[in-house]
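**Student:** what shape does this take:
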Amino acid sequence: MSKLFLKVIMPVLVIFLLTLIFYLLYLILSYHRIPDAIKLSEEGLADNEKVAIGKQYRITSSNVGFGAYSQDFSFFMDGGKYSWAYSKEEVIKNITGSTDTILNKKADFMLFQEVDFESTRSHHVDERKIISDRLNEKSGLSINTVFAQNYDSAFLFWPLTQPHGANKSGILTATGFRCFDSIRRSFPIETGLSKFLDLDRCFMKTHIETENGKNLVLYNTHMSAYTTNAETSTRQIEMLNDDMMEEYRKGNYILCGGDLNREVLEGMSKYFGFESNGLNWTKTFPSEKLDAHLKLVPPVNLEHPIPTVRDTKEPWNGKNFVTVIDGFIVSDNVEVISADVIDNDFKFSDHNPIYMDFILK
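**Tutor:** Sure, this is the predicted structure:
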């Protein structure tokens, strides 16, 4: 037995341990955060008139789930089966479907999250181009887009049967108005091992001129989900609040939307027959962390609530845990007319999109 161990098993163990050590070194040495305060450029030819005061507009927000989440898709990080989208064709179908859903709402401002490019998990499809091209082709209008990269992850060799790979993803803002002074801001994230799972996080702000000489400052955000320290989320909200208040004190209008990764109302999941499942993104968004001039706007009709996210440990079957974690934040010089969820039955993503109608006072 000892000779067999020395001749056969020992070399295999040494090779395995060396491979593991080199891979861990690769993860550590290749890890980097995208720099803070990156200036972004818009793409497109749209040059509409300035945003009007007293006119009703519509904004949408949609986490497209990197184009993987068909109704029969489950995700390995939530206990499901897959780490990649089924195919390149499936990614294109889902991103196109998500974009068409937004087009049907005829929104003036459109926010998208989890938009991939050059990613293993989404078969290297450039989802930015699909969204931009679709908006311009199908809307009959000229649409400008601004993109901020959320993260650039090293190759994740897990699960072994289908490694998640190296992935690049971000957030995209689209509108028919001219955008300027667009900036990517890095959120605070965890410093422990969980940073390799939750990856980088950011928000993007874009300025759009209004007819009274001020700016509509449009925020697109995707906050952390897989954190181990609740303070991480709190620090992200505090940073976002401080930035919005800096703009508000200049007399500007604040309009923020995105995947907040927190329930927008306390006990929101109870409206769908569930208790909280213990995940970080089922904790309540601490709206008390927002300044008195800012307000969280839950896209919820309590008489007919529609969820914005489903648990992905199994395919969508109508019995999955669901809740509402996508929402809007506005300043008190913005009048909210209505806000709700677009019931897409999770056809193209693990999120249903949301929309809000509003007026600048």
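**Student:** what about the helices in the stretch 151-300 of the chain?
**Tutor:** Secondary structure of the stretch 151-300 of the chain (DSSP state H, counting those that start in this stretch): helices at 195-198, 230-248.
**Student:** and these, which one is worst for confidence?
**Tutor:** Looking at the helices of the stretch 151-300 of the chain, the lowest mean pLDDT belongs to helix 195-198 (a mean of 62).
**Student:** to Lys138, which of the helices of the stretch 151-300 of the chain lies closest?
**Tutor:** helix 230-248 (32.0 Å; C-beta to C-beta). The way it works is simple: take the backbone N, C-alpha and C, and place the C-beta from them, glycine included.
**Student:** buried residues in that closest one?
**Tutor:** Thr232, Ser233, Arg235, Gln236, Ile237, Leu240, Asn241, Asp243, Met244, Met245, Glu247, Tyr248 (16 or more other C-beta atoms under 10 Å).
**Student:** can you check stretch 38-54 too?
**Tutor:** Leu40, Glu42, Glu43, Gly44, Ala46, Lys50, Val51.
**Student:** which of those scores worst on pLDDT?
**Tutor:** For these, the pLDDT minimum is Ala46, 78.
**Student:** any weak-confidence spans in this structure?
**Tutor:** 1-8, 23, 26, 192-198, 227-228, 280 (pLDDT under 70).
**Student:** what's the single longest strand in it?
**Tutor:** strand 144-156 (DSSP state E).
**Student:** returning to what we had before: looking at the buried residues of stretch 38-54, which is nearest Asn94?
**Tutor:** Glu43 (22.5 Å).
**Student:** which residues does that closest one form a beta bridge with?
**Tutor:** Beta-bridge partners recorded for Glu43 (DSSP bridges): Thr145.
**Student:** how much space separates it from Ala68?
**Tutor:** Glu43 sits 25 Å away from Ala68 when distances are taken as C-beta to C-beta, to the nearest Å.
**Student:** next one: Lys105
**Tutor:** 23 Å.
**Student:** those two: which is more packed in?
**Tutor:** Ala68 (27 against 16; other C-beta atoms under 10 Å).
**Student:** quick check: phi and psi on the residue nearest to that one when sequence neighbours are not counted?
**Tutor:** Distances taken as C-beta to C-beta, 6 or more residues apart in numbering place Ala85 nearest to Ala68, at 3.6 Å, with adjacent residues excluded. The phi and psi values for Ala85, taken as degrees, to the nearest 10, are phi -60, psi 150.
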